[in-house]
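Engineer: what's the 3D shape of this:
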Amino acid sequence: MAGLTDDDARFAYLAEGNAKQARKRVAADVLLRDQRGHVVLVNPTYKEDWDLPGGMAENNEAPRAAAVREVDEELGLSIEPGRVLVVDWIGPHGPWDDQLLFIFDGGVLSDEDVQQLAPRDPEISEVTVVSPDQARQLLRADMARRLKRALQALEHSSTDYAESPR
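Structural biologist: Okay, the predicted model is just below:
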């Protein structure tokens, strides 16, 4: 082709390779706590169990940016998540391909912020702040285990990585 440079050919080659590579679904949740160490949970309208605030990243969106966006959409809170507490690879299951799940430290909310908590998104029917033990009872079993790991990672200033093949 006339006018095609080595850079153009290399770019085209890399773009073709990129188009063939696997894509991962990415979820970004946030561990928000009150002054007593209780945990913020949301009740999604599209599934049976309670969940941590957060959700799916959009195309080419960084996990932290997804966490910020989702918490703002769900709860109307503007947060700056801290470090990653949990990273999980979740294998394919049901109709879903595999995914990476991040849980970020959302920090401790002021009493005023806790009092203002309310669903801001039609996908969320309720918001609650409960003890970690109560939270584990409301969450699906795999999320309850992740919450426990996130709280341990918070306590030990670490990050917990796991693979769940399903």
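
Engineer: Now do N60 against Q35, distance only.
Structural biologist: Using Cβ to Cβ, to the nearest Å, one gets 37 Å for the distance from N60 to Q35. The C-beta positions use only the backbone N, C-alpha and C, and glycine is treated the same way.

Engineer: Nearest residue to P81 in space, ignoring adjacent ones along the chain?
Structural biologist: Spatially, and ignoring its direct neighbours in sequence, P81 is nearest to F104 (3.6 Å; Cβ to Cβ, 6 or more residues apart in numbering).

Engineer: Only the buried residues of the helix or strand harbouring Q137, if you could.
Structural biologist: Counting by DSSP states H and E, the element that carries Q137 is helix 132-138. If you call a residue buried by 16 or more other Cβ atoms under 10 Å, then helix 132-138 has these buried ones: P132, A135, R136, L138.

Engineer: Kindly report the same for stretch 142-156.
Structural biologist: Across stretch 142-156, burial judged by 16+ other Cβ under 10 Å covers M143, A144, R145, R146, L147, K148, R149, A150, L151, A153, L154.

Engineer: So the last one belongs to a helix, correct?
Structural biologist: Meaning L154. Yes: under DSSP: H, G, I helix; E, B strand; the rest coil, L154 sits within a helix.
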